[in-house]
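Asker: 3D, please:
(chains A and B)
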Protein chains: 2
Amino acid sequence: MKARIYVTLKNGVLDPQGQAIEGALGALGFDGIASVRQGKVFDIELADGADADARLKRMCEKLLANTVIEDFRVETLGASA
Amino acid sequence: MKARIYVTLKNGVLDPQGQAIEGALGALGFDGIASVRQGKVFDIELADGADADARLKRMCEKLLANTVIEDFRVETLGASA
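Answerer: Below is the predicted model:
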């Protein structure tokens, strides 16, 4: 099965990378940008199984996300083609 | 309005960071991982406007994505709250 995991900074956590992108967009002439925040996305292909959702959640908690400052969301995309 | 932009490596482009994560997940005892690929996500808040979609596309082409090796997808999330 395939899964997509989104890891984004929690609200209120400073995002200097996002601010740098916001500044760069302004320098390129893009006006009206109120904020930019950057996150990560992981596309994972893993063995099917009834416990896949629980396994993906554990992967996020143990490795993919820093749950002190980051939120994560798991989206399963169904069986592998 | 708010928009979310996904930037992912094109198929066939080597992803050493994804491979490192795959190895780390295996070392943590997660079996059956067939592949991991990492991408980026940008949450952008920008001024409303009829040309917002076109502006977001140009931001991707000029700054956010390297279109030689990366694909991007823009999702608009509607007006700001």
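Asker: CA atoms for contacts and neighbours, from now on please.
Answerer: Fine.
Asker: Which elements pack onto the lengthiest helix in chain A?
Answerer: Secondary structure of chain A per DSSP state H: the longest helix is helix A:16-27. Helix A:16-27 sits against strand A:33-46, with contacts defined as 3 or more CA pairs under 8 Å, 6 or more residues apart in numbering or on different chains; DSSP states H and E.
Asker: Pull out the buried positions in the strand it packs on.
Answerer: Neighbour-count burial for strand A:33-46 flags A:33, A:36, A:37, A:38, A:39, A:40, A:41, A:42, A:43, A:44, A:45, A:46 (criterion: 16 or more other CA atoms under 10 Å in any protein chain shown).
Asker: how distant is that strand from the center of its chain?
Answerer: Distance of strand A:33-46 from its chain centroid, counting by CA atoms, centre = their mean, to the nearest Å, is 4 Å.
Asker: So which elements touch that strand?
Answerer: With contacts taken as 3+ CA pairs under 8 Å, 6+ apart, strand A:33-46 sits against strand A:2-9, helix A:16-27, strand B:33-46.
Asker: tilt between the helix or strand immediately after that strand in the chain and helix B:16-27?
Answerer: With elements assigned by DSSP states H and E, the helix or strand that comes after strand A:33-46 is helix A:52-59. Computed by axes from the mean of the first three to the mean of the last three CA atoms, to 10 degrees, the angle separating helix A:52-59 from helix B:16-27 equals 100 degrees.
Asker: Now find how far off-centre helix A:52-59 is within its chain.
Answerer: Helix A:52-59 has its C-alpha centroid displaced from the chain centroid by 15 Å (CA atoms, centre = their mean).
Asker: Give me the residues contacting that helix.
Answerer: Contacts of helix A:52-59 from elsewhere in the structure, counted by CA atoms under 8 Å, 6 or more residues apart in numbering or on different chains, are A:74, A:76, B:25, B:30.
Asker: re earlier: want to throw the helices and strands packed on strand A:33-46 into a markdown table with distance to residue B:13?
Answerer: Shown next, in a markdown table, are the helices and strands packed on strand A:33-46 (distance: least, CA to CA, whole Å):
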| stretch | distance to residue B:13 |
| --- | --- |
| strand A:2-9 | 18 |
| helix A:16-27 | 24 |
| strand B:33-46 | 10 |
